[in-house]
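*Asks:* sequence and predicted model, in that order:
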Amino acid sequence: MSLVAVCQLENGSWVVKPEQEGSFQELLERNGRVPLPPYIRGGNMVDDDLHRYQTVYAQKLGAVAAPTAGLHFTEEMLDNLKRKGVRQTFLTLHVGEGTFKPIQTDDLSQHNMHYEYGEISQETTTLVEETKRKGGKVVAIGTTSVRVLETAAQNTPDEAEGLQPWKGETNLFIRPPYKFKAVDALLTNFHLPKSTLLVLVRAFGGDELIQEAYREAIEEEYRFYSYGDAMLIL
């Protein structure tokens with residue numbers, strides 16, 4: 001598909017216009033490919049990637065990449081967790097390019113976090129509140145889930161009774177010191193250096209625990225990032 005350059009933005013990226021006719025979704029289905037990271041076969045996809053580089057519970061179109069922590073789950077595993085009494089609910093965050101933008105400032109407060117669209121329903125917030133009232137733990141699957149849950153918590157008025165539904169754009173950059181309001185535990189992959197995702201994990205687990213985990217990951221040659229290994233932080 002041929003593209004026509006329209007203009008260059010201040011951040012260096014380009015606005016382009018396709019020469020083909022059709023909606024955004026039609027053009028993607030006709031010309032697009034799975035957006036594999038460059039460290040997986042140089043970014044070159046094979047036919048099975050359309051299904052493998054996707055969570056089994058994905059529902060809504062919009063993300064530029066799969067939330068990697070969710071790739072660990074199969075339908076059978078989710079069913080087994082249900083039988084053990086682990087209740088499950090879902091939310092949406094359309095992962096954008098900003099998730100992969102490396103931190104290039106020494107002062108974390110100067111990092112420009114891109115906006116991403118997310119939403120969390122009444123059904124999900126109700127389940128979260130019920131879980132907390134009963135003494136259970138809210139386990140977020142991936143940093144993307146953390147961002148939506150914590151964004152909803154940030155937007156919930158102090159006088160409200162429990163976490164409130166939310167949808168919109170978020171540029172929440174979770175970094176130390178941050179007081180988590182909604183999330184009690186986190187399942188996440190091992191992330192790359194100088195990434196906002198690693199900063200979030202550090203804020204959640206604390207420097208000592210996360211440094212110990214990453215030392216072991218390097219010594220044992222764990223796989224990082226997409227299709228990589230994961231850790232559960234309680």
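*Replies:* That came through fine.
*Asks:* excluding chain neighbours, what is closest to P177?
*Replies:* Leaving aside its chain neighbours, P177 sits nearest to A203 (7.4 Å; criterion: C-beta to C-beta, 6 or more residues apart in numbering). Just so you know, the C-beta spots here come from the backbone N, C-alpha and C atoms, and that holds for glycine as well.
*Asks:* number of nearby residues for the one you found?
*Replies:* A203 has 20 neighbouring residues, counting by other C-beta atoms under 10 Å.
*Asks:* and it, its phi and psi?
*Replies:* With angles defined as degrees, to the nearest 10, A203 sits at phi -60, psi -30.
*Asks:* and it, what does it touch?
*Replies:* By C-beta atoms under 8 Å, 6 or more residues apart in numbering, the contact list for A203 reads I174, R175, P176, P177, Y178.
*Asks:* got CSV for the residues you listed, with distance to Y214 too?
*Replies:* CSV is the format used below for these (distance: C-beta to C-beta, whole Å):
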residue, distance to Y214
I174, 18
R175, 17
P176, 16
P177, 20
Y178, 19
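*Asks:* buried ones from the residues you listed, can you make that a ChimeraX selection?
*Replies:* In ChimeraX, this line selects whichever of the contacts of A203 come out buried by 16 or more other C-beta atoms under 10 Å:
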select :174,175
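*Asks:* so, low pLDDT: which residues of the chain?
*Replies:* Flagging of the chain using pLDDT under 70 yields the residue ranges 1, 11, 98.
*Asks:* for the residue nearest the centre of it, what are phi and psi?
*Replies:* Central residue of the chain (C-alpha atoms, centre = their mean): T144, 2.5 Å from the mean position. Backbone torsions for T144, taken as degrees, to the nearest 10, come to phi -60, psi -40.
*Asks:* element containing the closest residue in space to E150 that isn't next to it in sequence, please.
*Replies:* Using C-beta to C-beta, 6+ apart and skipping the chain neighbours, the partner closest in space to E150 is A182 (5.7 Å). Per DSSP states H and E, A182 falls between elements, in no helix or strand.
*Asks:* same question, V95
*Replies:* When secondary structure is defined by DSSP H and E, V95 falls outside every helix and strand.
*Asks:* in contact with it: list those residues for me.
*Replies:* Neighbours of V95 in contact, by C-beta under 8 Å, 6+ apart: A63, V64, A65, A66, P67, E116, T144.
*Asks:* the fifth one reaches R147, doesn't it?
*Replies:* No: P67 is not in contact with R147 according to C-beta atoms under 8 Å; the separation is 10.3 Å.
*Asks:* hmm, back to that, which one of the contacts of A203 sits closest to S109?
*Replies:* Checking these against S109 with C-beta to C-beta, the nearest one is R175 at 7.9 Å.
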